[in-house]
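Asker: output the structure for:
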Amino acid sequence: MIRVGLVGIGAQTKENILPSLLQIPDIQIVAACDVSIERASEVKSYVRDVQVFKDVTTMMDCMGLDALVLACPPQAHRDISLLAIERGIHVFVEKPPCFTLDELNDMIDAAARKRVVTAVGLNFRFARPIQQLRKMAASEKFGRPMHVQINHYASKPRAPMWGLSSTLRSFLLAQTIHSIDLTTAFGPGHVANVRSSVQHAGDAMLAQIDISFSSGHTASILTGSMFPYFEFDMKVISDKSNMVTLDNLWNITLHDAEIASQVVGGDKRWRNAWQPGPLDSGYVRSGYFGELTGFFNAIRTKTRFEADFESMIPTYQVIEQVCAAEVQPGLVVPPATLHVVAEKQRSVARG
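Answerer: The predicted model follows:
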């Protein structure tokens, strides 16, 4: 039985994290902490014997926790994570785990020294449609992924958040972190090159980000707050002229060149469609159940979780390059420099 403490009892915890945790066997929510003791006490409606706290240090020192699940304002994520890691407590933290690549390196180093399991809440990566898309793209018949194209539309944020001075960094950490993370999931290798451009209209922005990886595959992301609503579309193209598309995190369509020529003729387009079943749990389909289950499985098996702090290095490299390019237009860091930085960071993480 894994003893779990919750930190931050806001909308994300109550609407997604807590309901997912209650479906996972062999874990016990024993404590809840929030700056508002009234909000912390709301967990008692779901877990009768939970102990509530206003101070996270007191909770960690009193409750004999095995794991901490954090969904706080992000300015607290790094500091609370480091406090937990120093006590040997495994840490799951909602995105973003921190604000900069340097802060991420500190967290990776601390976790490696204390040998704790870490996780970042990236529910897009674990959503049922994304899992199915990754499975299809990994098949030998589909071929080697060569390019990932993502349109990630949003209408906010349009102002700096969490005490940051940059609206761009706030948007990348709040929204685009999911898209950048997904581009790293379709091939091995480190970030070799990043090019970006950012357009502004009033308080809204539009960003185009192009990424090259050492494995040879590339990615292109169109994102920003210059849209009327949220929308997310994705395409993965292979070296066998196959393509799989994801429509708004729901419908998947496989465009198969071989089947097209064999079944309906070369001048037609064959589309093999997939979507989540009507009985799929909302928390399974949206990825919250999968990411939390994977985190606790990693604790039990003493293995790395696939979305741990170290896995976020490429994503934060891209974020740093996009932010730097806005301040200094035309700035492109040479691929060799990115490679050396990545290897140094991995070496630190391995101890």
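Asker: where does pLDDT dip in the stretch 251-351 of the chain?
Answerer: Applying pLDDT under 70 to the stretch 251-351 of the chain picks out residues 257-271, 275-281, 328-351.
Asker: cutoff 50 now
Answerer: In the predicted model of the stretch 251-351 of the chain, residues 260-268, 330-332, 335-336, 339-342, 344-346, 348-351 satisfy pLDDT under 50.
Asker: and the strand or helix carrying Thr58, what's buried?
Answerer: Secondary structure assigned from DSSP states H and E places Thr58 in helix 56-62. Buried residues in helix 56-62, counting neighbours by 16 or more other CB atoms under 10 Å, are found at 56, 59-60. In this view, the C-beta of every residue, glycine as well, is placed from N, C-alpha and C.
Asker: list just the nearest of those to Arg304.
Answerer: Met60 (22.9 Å; CB to CB).
Asker: give me the number of residues near the nearest residue in space to that closest one that is not next to it in sequence?
Answerer: Spatially, and ignoring its direct neighbours in sequence, Met60 is nearest to Arg87 (5.6 Å; CB to CB, 6 or more residues apart in numbering). Arg87: 14 surrounding residues under other CB atoms under 10 Å.
Asker: what's Arg87 sitting at in phi/psi?
Answerer: Main-chain torsions, Arg87, degrees, to the nearest 10: phi -90, psi 10.
Asker: what about it, distance to Ala110?
Answerer: 11 Å (CB to CB, to the nearest Å).
Asker: what's the one helix or strand His77 maps to packed up against?
Answerer: Per DSSP H and E, His77 falls inside helix 77-86. For helix 77-86, the contact count by 3 or more CB pairs under 8 Å, 6 or more residues apart in numbering; DSSP states H and E identifies helix 56-62, strand 67-70, strand 90-94, helix 101-114 as packing neighbours.
Asker: can you list the strands that the third one pairs with?
Answerer: Which is strand 90-94. Strand pairing for strand 90-94, using DSSP bridges, gives strand 67-70 (parallel), strand 118-121 (parallel).
Asker: as CSV, these with mean neighbour count and distance to Asp308 would be great.
Answerer: CSV is the format used below for the strands paired with strand 90-94 (neighbours: other CB atoms under 10 Å; distance: least, CB to CB, whole Å):
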stretch, mean neighbour count, distance to Asp308
strand 67-70, 24, 13
strand 118-121, 26, 5
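Asker: burial of Ala273, as a residue count?
Answerer: Neighbour tally, Ala273, other CB under 10 Å: 10.
Asker: over to Asp102?
Answerer: By the criterion of other CB under 10 Å, Asp102 has 10 neighbours.
Asker: do the same with the one 4 residues further on
Answerer: Other residues near Asp106 number 16, with proximity taken as other CB under 10 Å.
Asker: do Gly189 as well
Answerer: Gly189: 15 neighbours (other CB under 10 Å).
Asker: could you find the closest non-adjacent residue to it?
Answerer: Ser215 (3.3 Å).
Asker: pretty sure the one you found contacts Pro188?
Answerer: Yes. Assessed by CB atoms under 8 Å, Ser215 is found in contact with Pro188 at 5.1 Å.
Asker: the more surrounded of the two?
Answerer: Neighbour count, other CB under 10 Å: between Ser215 and Pro188, Ser215 has more, with 15 against 10.
Asker: for the more buried one, what are its contacts?
Answerer: Neighbour list for Ser215: 187-189 [criterion: CB atoms under 8 Å, 6 or more residues apart in numbering].
Asker: what of Asn248?
Answerer: By CB under 8 Å, 6+ apart, Asn248 lies in contact with 231-233.
Asker: what are the phi and psi values at it?
Answerer: With angles defined as degrees, to the nearest 10, Asn248 sits at phi 50, psi 40.
Asker: out of the contacts of Ser215, which is nearest to Ala204?
Answerer: Gly187 (32.3 Å).
Asker: give the contact list for the closest one.
Answerer: Neighbours of Gly187 in contact, by CB under 8 Å, 6+ apart: 144-145, 213, 215-217.
Asker: next one: it, what pLDDT does it get?
Answerer: Looking at Gly187, its pLDDT reads 73.
Asker: Gly163 belongs to a helix?
Answerer: No. Counting by DSSP: H, G, I helix; E, B strand; the rest coil, Gly163 falls outside a helix, being coil.
Asker: that one and Asp106, how far apart?
Answerer: Taking CB to CB, one finds Gly163 at 18 Å from Asp106.
Asker: what do you get for Ala11?
Answerer: The value you get for Ala11 to Asp106, if CB to CB is used, is 28 Å.
Asker: over to Ile2?
Answerer: In terms of CB to CB, Ile2 sits 26 Å off from Asp106.
Asker: what do you get for Thr218?
Answerer: 31 Å.
Asker: likewise Trp162?
Answerer: 18 Å.
Asker: could you tell me whether Arg169 really is in a helix?
Answerer: Yes. Counting by three-state DSSP, one finds Arg169 located in a helix.
Asker: skipping adjacent residues, who's closest to Gln23 in space?
Answerer: Phe289 (6.1 Å).
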